[in-house]
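> coordinates for the following, if possible.
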Amino acid sequence: MSDSSPLPPVRLPAEAELARDALATPLLSRAVKLARWAGPETRVGAGGELVEEQLPGAAAELGLTGDEDGAAYASEAWRVAVDTGLVEVVDEEEGTVTVGEELGTLTSGGPSDVLTLWLGALDTVLADASVPDLDDLVDAMEEGGEVDFSQLDWDPEAESEFLEGVLGNLYLLTVSDGGAGEESVPLPALAASMIVPDDMGEPTDDVLEQVSDAMMRLDDQFRLLDPIGLVEFQPVDEALMADIDSDEAMTEQPVDEADVSRYGMVRLTPLGLYGIRARMLDAGIDAPAVGDLADKGADALLDGTAAFPQAAAQVEIEQWLARRESLAAARDLLGAARGADEWAPLRRLRCQQALSLVGVEAEPALREVLDDAELGGLARVWLAEHGFADVPAPSQDLVFWLTVDTIAAQLSLEGNSDELQALVEGLAAQHSGFFAAAWRVEHPATADVLEAMGRLHPDKKVAKEARKAAFKARSAAGG
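Residues are numbered from 1 along each chain as shown. This next block holds a predicted model:
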């Protein structure tokens, strides 16, 4: 396992379900309708856009004749159809089009083909979401047809990076909360996550104004991203817009927690989680999904789940075990749990978690490691918990080694948590001579564990004993 832990794993539906969701999104379904509607009489401009006189017909095809934004929706859907290959321009000078090869993908291809098409549509929408208002673009247009970005106070690359960062934060908030995307995030909190420095106590007026501006930009952008199915978005209450637009920053007034939804709420859909993860993977970011390790070896399972939240690790392990016979799985897990490296205690903790899910038929594998210095302790625990007789009593050295190993694993997983502090207090209370014996334990993490116990124990006298024992352990190890 590397020193830089990956993101928590995301829990995604099956590809078939995601593909159905993709086809049902308003924007892609409209693009498909227009691709099937297009014919010999359809005409496009130099950029592949529908000529203006054909927009009413396209809007009518989409059932948007009475909608004042019908032409805009039709134009947007047409652009997606062209960009994704659902429609192809045959002759740029004549402005003629034909059905694209990708349209056949929707009927002859599999779920992964549909999702690839949807990702292409997402690219188009994300590009649109990073572009300023059309009126602002027209005002900034120079005589030669080029946009003077200095007039817009807009940096295309920075704007795109900002939106990608916001979506990355939203993804992280989602997967850190269980990975299923069930809770919406208030828009002000999401904007603040990009603006307010982590080490800032009370935000300044300037920072609050930046958060307010960012929130309004995100309101516009998420309105565009909702129809492609990336997010479910509740826009900012129109009644609040006047206050914000009149330079009365929303953050100057106390926010009613029960009314925070008026400032906008957003969540990534399961399809959105799939889309953002796909973009992260393309960018070389390690973004695991639950189920990724099901067909891998036991070493990959223990290493990969080492830093997972408990619930996610449990689901991953269950999927891994479901494909294997219990006895063989237990042997593989025990073999992968050995090691003296930094992450070995955490691997053994995950091994214990996995072994708790296998049946009594795994008994032979556990008995085979009873004399193993690293595995004998956890083997005894498993056999005792499953009610087996003739389990040899552990030596005192083995008990202390297992104790150090367990605390080392908890430190790696949770840091200085309340649960770990309770464990430390309990150990010191139950064993009056614990520290006098513990510093002699031949475990790579002995000194680190004792130092942590010194930090965590609230009793100054006990904490001092722990620190003294840590010093002895480090000296004995030649550190």
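> other SSEs contacting the helix or strand harbouring residue 406?
Assigned by DSSP states H and E, residue 406 belongs to helix 396-414. Applying 3 or more CB pairs under 8 Å, 6 or more residues apart in numbering; DSSP states H and E, one finds that helix 396-414 contacts helix 344-355, helix 376-385, helix 418-430, helix 434-438, helix 446-456. Placement of C-beta: from N, CA and C, glycine included.
> residue 240 is nearest to which of these?
Minimum separation from residue 240 across the helices and strands packed on helix 396-414 (CB to CB) falls at helix 418-430, 39.5 Å.
> I'd like to check the angle between that closest one and helix 396-414, please.
160 degrees (axes from the mean of the first three to the mean of the last three CA atoms, to 10 degrees).
> ok, and what's touching helix 418-430?
For helix 418-430, the surrounding residues in contact (CB atoms under 8 Å, 6 or more residues apart in numbering) are 403, 407, 410-411, 414, 434-435, 452-453, 456-459, 462, 466.
> can you show me the strands along this protein?
All strands of the chain, identified by DSSP state E, fall at 87-91, 96-99, 185-186, 231-234, 265-268.
> got these as CSV, with mean neighbour count columns?
Below are these laid out as CSV (neighbours: other CB atoms under 10 Å):
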stretch, mean neighbour count
strand 87-91, 17
strand 96-99, 18
strand 185-186, 19
strand 231-234, 20
strand 265-268, 22
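> just send those back as JSON lines, with mean pLDDT and distance to residue 301 too.
Formatted as JSON lines, the strands of the chain follow (pLDDT from 0 to 100; distance: least, CB to CB, whole Å):
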{"stretch": "strand 87-91", "mean pLDDT": "94", "distance to residue 301": "45"}
{"stretch": "strand 96-99", "mean pLDDT": "94", "distance to residue 301": "46"}
{"stretch": "strand 185-186", "mean pLDDT": "92", "distance to residue 301": "31"}
{"stretch": "strand 231-234", "mean pLDDT": "95", "distance to residue 301": "32"}
{"stretch": "strand 265-268", "mean pLDDT": "95", "distance to residue 301": "27"}
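> how about these in CSV, adding distance to residue 21?
Written out in CSV, the entries for the strands of the chain read as follows (distance: least, CB to CB, whole Å):
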stretch, distance to residue 21
strand 87-91, 23
strand 96-99, 24
strand 185-186, 20
strand 231-234, 12
strand 265-268, 12
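> closest one to residue 53 among those?
Closest among the strands of the chain, using CB to CB: strand 96-99, at 15.1 Å.
> for stretch 185-197, which residues meet the burial criterion?
Within stretch 185-197, the residues scored as buried using 16 or more other CB atoms under 10 Å are 185-196.
> with stretch 429-442 instead?
Buried-residue list, stretch 429-442, by 16+ other CB under 10 Å: 434-435, 438-439, 441.
> ok, the residues you listed vs residue 12, which is closest?
Ranked by distance to residue 12 (CB to CB), those are led by residue 441 at 42.5 Å.
> shouldn't the closest one be in contact with residue 397?
Yes. In this structure residue 441 lies within contact range of residue 397 using CB atoms under 8 Å: 7.4 Å.
> low-confidence ranges, this structure, go.
Scanning the chain for pLDDT under 70 picks out 1-6, 132-154, 177-181, 241-258, 479.
> deepest of the helices and strands packed on helix 396-414, which one?
helix 344-355 (a mean of 24; mean count of other CB atoms under 10 Å).
> so which elements touch that one?
helix 298-305, helix 310-322, helix 326-337, helix 376-385, helix 396-414.
> pipe the ones you listed into CSV and attach distance to residue 63 per row.
Listed next are these as CSV, based on distance: least, CB to CB, whole Å:
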stretch, distance to residue 63
helix 298-305, 48
helix 310-322, 42
helix 326-337, 55
helix 376-385, 63
helix 396-414, 54
